[in-house]
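# Sequence and predicted structure are below.
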Amino acid sequence: MAKTTDTRYFGDPREARKRRRLFERIERLEAEIQIAAGSIDLRRRLLAEDVDKQLERLDNRLKKPLYQQEMALATAEEAAAEQLRLKLPGIQKKQRLAYRKKRQDLRRQERLLDARGRLLPEKALSASSQAALDQLEAAQQQEIKDLETRLLQQAKASRLGPEQHQAALARYEAGMADKEKRLKELAGRLNRQQEARMTAFTNKQQEKIRRFESSLKGYQEALLKSEQTAQHHLPEDIVLRLEGLSMAFGGLKAVDNLSFDVKKGEIFGLIGPNGAGKTTVFNCITQFYKPTAGDIYYRTHEGNVLSLNNYDVHQIIRKGIVRTFQNVELIYELTILENLLIAAHSKYHGSFFSQLMNTRRVREEEMVLRNQAMEVLSYCGLAHLKDIPPLGLPYGILKRVELARTLMAGANLIILDEPAAGLNEQETIELTQLIRKIQKDFGATIFLVEHNMGLVMDLCDHICAISFGKKLAYGTPREIQNDKLVQEAYLGTSDESELEVI
Amino acid sequence: MENSVLTTRNNPVKKALRHPFSGFISIGAALLALQIIAMANGGKWPLSSTLNGFAQVMIFAIVGYGFSFLLGYAGLASLGTAGFVGLGAYLTAYVLKHYPGVPYIAILLGVLAVSLILGLVVGFISLRIEGIFLAIVTLGLSEIFYQIFNNWIDFTNGPNGASVTKTPIFQTILGMGTTDSRRAFFILLVVITVGLLMLTYNLGRSRTGRAMLAMKNSTSAAQAMGISLLRYRLLAFLISTAYAGFAGVLFMSYFKYAAPQGYTIMLSLNILAAVLIGGSRSLVGTFLGTFIVFGTNTIFLQDIALFRDNPWIINVTIGIVIILVVMFYRGGLVQLAQNTKQTFNNLLNGWRMYRYGEDD
């Protein structure tokens, strides 16, 4: 099914095939380098957290005996207050339950409750019952006060004599100093250990990265040499070029000899009346349909030119082209975070058996990518939803998740199929802002189909209008608005409007 | 004074118990304990028939793990499982009988290779057809296997069934007695079952499991995200047939006998039922489902006269359970357990509300 490479763009076919293989190797190496580099940062953070946790645990353990000593040394008031602080929550909980129980009983006596124990609306306790409740509350407060005085008396009774106090103080200080010393010692040891482990790990990873980079360099040089033999006619600033694209389903020509260019870094809109073949164009670009005729050229992030018809549908994402769908296509059995990880599918490199064994490498890969997914989610303002499946969420959020998915895949060209369909005004505004932000922050080219003319005219740099698969006009939003053919296609000529009436 | 924060956090025991592997290991430990008790008191309790029942459960649970990958993750239906289990069993019997010198591991690998090749064929078929039609095609395949088992006398010994005289490894190499080797093989079976539980769990949580779920939910999204349908459909069938073939080898090694009547569509349906009852994406659920479908009869109900004399009652009960599960609990018993917990919590909250009233 794959077409032979077009010599106009790629020169000698054999060289072109070689270049394609080189691209693939380079892609793989780049992904591996990304994982390795990410794992260094991640490991550093994890090790630091681990050290903190260990130190905290040790601190608590060492403090345990000292705490008793400190309590003995403190003034009677302080000691009593501390005792009370420890006992108060339990007592308060017990009192609250007793109060509520009493109140419920009183309400039941006065028939203020329905069968399920809920308070009937606008009913209040009688004065006598309210008084009984207030009495209980007062008694409970008194109980706490009594406890306080009792604790204070106990504390006063158990205070040490001056000489004993001196001795205890000395012991406490010695213990404290010892604790500090041990803690410092251990912290030093742990830090040294961590540093040693970190250096070893960093060295290993960097060695790996260096190895990858050197072979990457080799590949890139070979690629460059091979590129020189090719004759690229695709201008530098063009990301996507459609040349005479046609797609026929049986006798029906959904797309007919369509050609246009999408420039790098712009927001490009494709518009047309219903059934004009817009989604078919998208499906052809992403190879869901193999075009019946015509070519699609694409410039990757690194500047290599590809003929997309040579690739299978699942290979397209690796070239940096990610699409969204008209009717949001998310995986409802997975959480939102895992939905993002689906988009990172081609960034994983663990083999089948290492996945079975859940090896360290696989875990590392998973952690690095999960981290990355979290970053993308917080960029899109979805971090709070990471652990829930997207089932039953508002449409605006689902569209956002789809956008986040394109970012997760590291898209160079983002194809949006009716991003504002089904959104209310507020959600549309938010989505527009997000699309702008993505274009600005990631330098990605955005190619969208949309029926909401306000959004298209507001957002796009260039627009192509099509009708029945044929190109009507190409230009800036203003030019399109003033175009006669486009107006006719949307509003109909006088003949057609008569037909519609009949 | 901030010194009083003395709570022990990060309790390692609690952390280990939260890990799903602890559940798998406790299943294994319980089964091992049964066998060890039986060894200690000379087989008075539990009876060897009970242990055989558990062995059967373990073997079919292995088939179930593979099948749950196919059904629960990849969303593909197959009714040909019985054929693959039977193939594993018959191949083992044939090789053990005619080529006694072949090492056991070679038999295992050979059966795996044959299963993988057949899995590849079914996988390619699954690329063309889906849903109920795929089920019918695999049913046809299963029927072909049944006819082979029944009629190719030289290979399978026909309707009389194939048998093995000695348990491999333990009886042939280590020279144990019949009972002892069966007990030893039971222990090996427990280890294999728990190991496969862990491996399958890992796989389900890895990118492979996720990719298959994506494929099941939306083929177009999966393809756009770089998941090759060809690769993962084939992989799902390969896993399922490999597990089935492997279980066949284990079945023959433990029970030493296989008759063609055991590998009809009934077995495929039983495995489907076990996976559905347990919960198609949960491994512990699959084990539980297998226990209900394959185990309850041989382990408990055989001792009760009513069920022994009227075996149809059990089948009817299982049928009713399947209907109930499919109608009300699509997630199987695992979902039932979760729902029960939820209901219990709701009841508790209702009682609190009744007793104490609203908190304000």
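Noted; the coordinates are in hand.
# how close does the residue of the stretch 51-200 of chain B found nearest chain A get to A:Asp134?
Sorted by distance to chain A under CB to the nearest CB, the residues of the stretch 51-200 of chain B start with B:Leu199, at 4.8 Å. No exception for glycine: its C-beta is placed from N, CA and C like everyone else's. B:Leu199 sits 66 Å away from A:Asp134, taking CB to CB, to the nearest Å as the criterion.
# downstream neighbour of the strand or helix carrying the residue of the stretch 51-200 of chain B closest to chain A in the secondary structure list?
In this structure, B:Leu199 sits in helix B:178-205 according to DSSP states H and E. Downstream of helix B:178-205, the first helix or strand assigned by DSSP H and E is helix B:207-217.
# Which positions in the helix or strand following that next one come out as buried?
Later in the chain than helix B:207-217, the nearest helix or strand by DSSP H and E is helix B:219-224. Taking 16 or more other CB atoms under 10 Å in any protein chain shown as the neighbour-count basis, helix B:219-224 is seen to contain the buried residues B:Thr219, B:Ala221, B:Ala222, B:Gln223, B:Ala224.
# Please apply the same query to stretch B:98-109.
When burial is assessed from 16+ other CB under 10 Å, stretch B:98-109 yields the following buried residues: B:Tyr104, B:Ile107, B:Leu108.
# Tell me which residues are up against it.
Residues from elsewhere that reach stretch B:98-109 (CB atoms under 8 Å, 6 or more residues apart in numbering or on different chains): B:Leu91, B:Thr92, B:Val95, B:Leu96, B:Pro168, B:Ile169, B:Thr172, B:Phe246, B:Val249, B:Ser253.
# Check pLDDT for these and point me to the minimum.
On pLDDT alone, B:Thr172 ranks lowest of the contacts of stretch B:98-109, at 80.
# OK, contacts around it?
B:Pro100, B:Lys166 are the contacts of B:Thr172 under CB under 8 Å, 6+ apart.
# what about it, which SS state?
When states are read from DSSP: H, G, I helix; E, B strand; the rest coil, the local structure at B:Thr172 comes out as coil.
# Now the closest residue to chain A within the stretch 251-360 of chain B: closest residue in space, sequence neighbours ignored.
Sorted by distance to chain A under CB to the nearest CB, the residues of the stretch 251-360 of chain B start with B:Tyr354, at 3.5 Å. The shortest distance from B:Tyr354 to any residue that is not its chain neighbour, by CB to CB, 6 or more residues apart in numbering or on different chains, is 3.5 Å, and that residue is A:Gly117.
# from memory the one you found sits against B:Arg355, does it?
Yes: in terms of CB atoms under 8 Å, A:Gly117 counts as a neighbour of B:Arg355; the distance is 7.2 Å.
# Quickly list what's touching both of those two.
Common neighbours of A:Gly117 and B:Arg355, using CB under 8 Å, 6+ apart, are A:Gln104.
# Neighbour count for these two, which is higher?
In this comparison of A:Gly117 against B:Arg355, neighbours counted by other CB atoms under 10 Å in any protein chain shown, the higher total goes to A:Gly117 at 18 against 13.
# Burial check on A:Phe282, number of neighbours?
Burial of A:Phe282 is recorded as 23 neighbouring residues (other CB under 10 Å).
# That one in helix, strand or coil?
With three-state DSSP as the criterion, A:Phe282 was assigned helix.
# Just confirm it contacts A:Ile414, I think it does.
No: at 11.5 Å, A:Phe282 does not count as touching A:Ile414 under the criterion of CB under 8 Å.
# Tell me the residues that contact both of these two, please.
Both A:Phe282 and A:Ile414 are contacted by A:Arg323, under the criterion CB under 8 Å, 6+ apart.
# and the closest residue to A:Arg400 other than its chain neighbours, backbone torsions?
The spatially closest residue to A:Arg400, leaving aside those adjacent along the chain, is A:Cys380, at 5.4 Å (CB to CB, 6+ apart). Here is the backbone geometry of A:Cys380 (degrees, to the nearest 10): phi -90, psi 0.
# swap in the one 10 residues further on?
As for A:Pro390, its main-chain torsions (degrees, to the nearest 10) stand at phi -70, psi 10.
# A:Leu337 is in contact with that one, correct?
No: in terms of CB under 8 Å, A:Pro390 does not count as a neighbour of A:Leu337; the distance is 10.6 Å.
# so what pLDDT did A:Glu56 get?
Per-residue confidence (pLDDT) for A:Glu56: 86.
# ugh, wrong one, I meant B:Ile36
Turning to B:Ile36, the model gives it a pLDDT of 93.
# The helix or strand hosting it and chain A in contact?
When secondary structure is defined using DSSP H and E, the element that contains B:Ile36 is helix B:20-40. No: where contact is defined by CB under 8 Å from any CB of the partner chain, no part of helix B:20-40 touches chain A; the two come within 10.4 Å at best.
# Report the buried residues of that helix.
For helix B:20-40, a neighbour-count test (16+ other CB under 10 Å) marks B:Gly23, B:Phe24, B:Ile27, B:Gly28, B:Leu31, B:Leu34, B:Gln35, B:Ala38 as buried.
# Contacts for stretch A:280-292 next, please.
A:1, A:240, A:242, A:245-248, A:254-255, A:258, A:270, A:296, A:308-309, A:311-313, A:315-316, A:321, A:323, A:415, A:417, A:449, A:466, A:469, B:220, B:223-224.
# Show me what secondary structure element comes after the helix or strand encompassing A:Ala465.
When secondary structure is defined by DSSP H and E, A:Ala465 falls within strand A:462-467. Downstream of strand A:462-467, the first helix or strand assigned by DSSP H and E is strand A:470-475.
# which residue ends up closest to the midpoint of the chain in space?
Just going to use chain A. Nearest to the geometric centre of chain A sits A:Leu377, at 2.2 Å (CA atoms, centre = their mean).
# You answered for a different chain; I wanted chain B.
To find the centre residue of chain B, average its C-alpha atoms and take the closest one (CA atoms, centre = their mean): that gives B:Ala61, at 1.8 Å.
# Does that residue touch B:Leu288 like I think?
No: the pair formed by B:Ala61 and B:Leu288 falls short of the contact definition of CB under 8 Å, at 9.2 Å.
# Below-threshold pLDDT in the chain: ranges please.
No chain was given, so I picked chain A. Where chain A drops to pLDDT under 70, the residues are A:1-12, A:229-233, A:491-502.
# that's the wrong chain, I wanted chain B
Regions of chain B meeting the criterion pLDDT under 70 cover residues B:1-11, B:360.
# ok, back up a step: dump the buried residues of helix B:219-224 into a markdown table; add distance to B:Gly332 as well.
Below are these laid out as a markdown table (distance: CB to CB, whole Å):
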| residue | distance to B:Gly332 |
| --- | --- |
| B:Thr219 | 25 |
| B:Ala221 | 26 |
| B:Ala222 | 24 |
| B:Gln223 | 29 |
| B:Ala224 | 31 |
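# ok so, going back, quick one: the residue nearest to the centre of chain A and A:Ile336 touch, right?
Yes: assessed by CB under 8 Å, A:Leu377 is found in contact with A:Ile336 at 7.1 Å.
# where do the contact lists of those two overlap?
Listed contacts common to A:Leu377 and A:Ile336 are A:Leu385, A:Lys386; contacts here mean CB under 8 Å, 6+ apart.
# What count of nearby residues applies to the residue nearest to A:Arg400?
Under the neighbour criterion other CB under 10 Å, A:Cys380 is assigned a count of 21.
# contacting residues for it?
Taking CB under 8 Å, 6+ apart as the criterion, A:Cys380 is in contact with A:Arg400, A:Val401, A:Leu403, A:Ala404, A:Leu407, A:Leu434.
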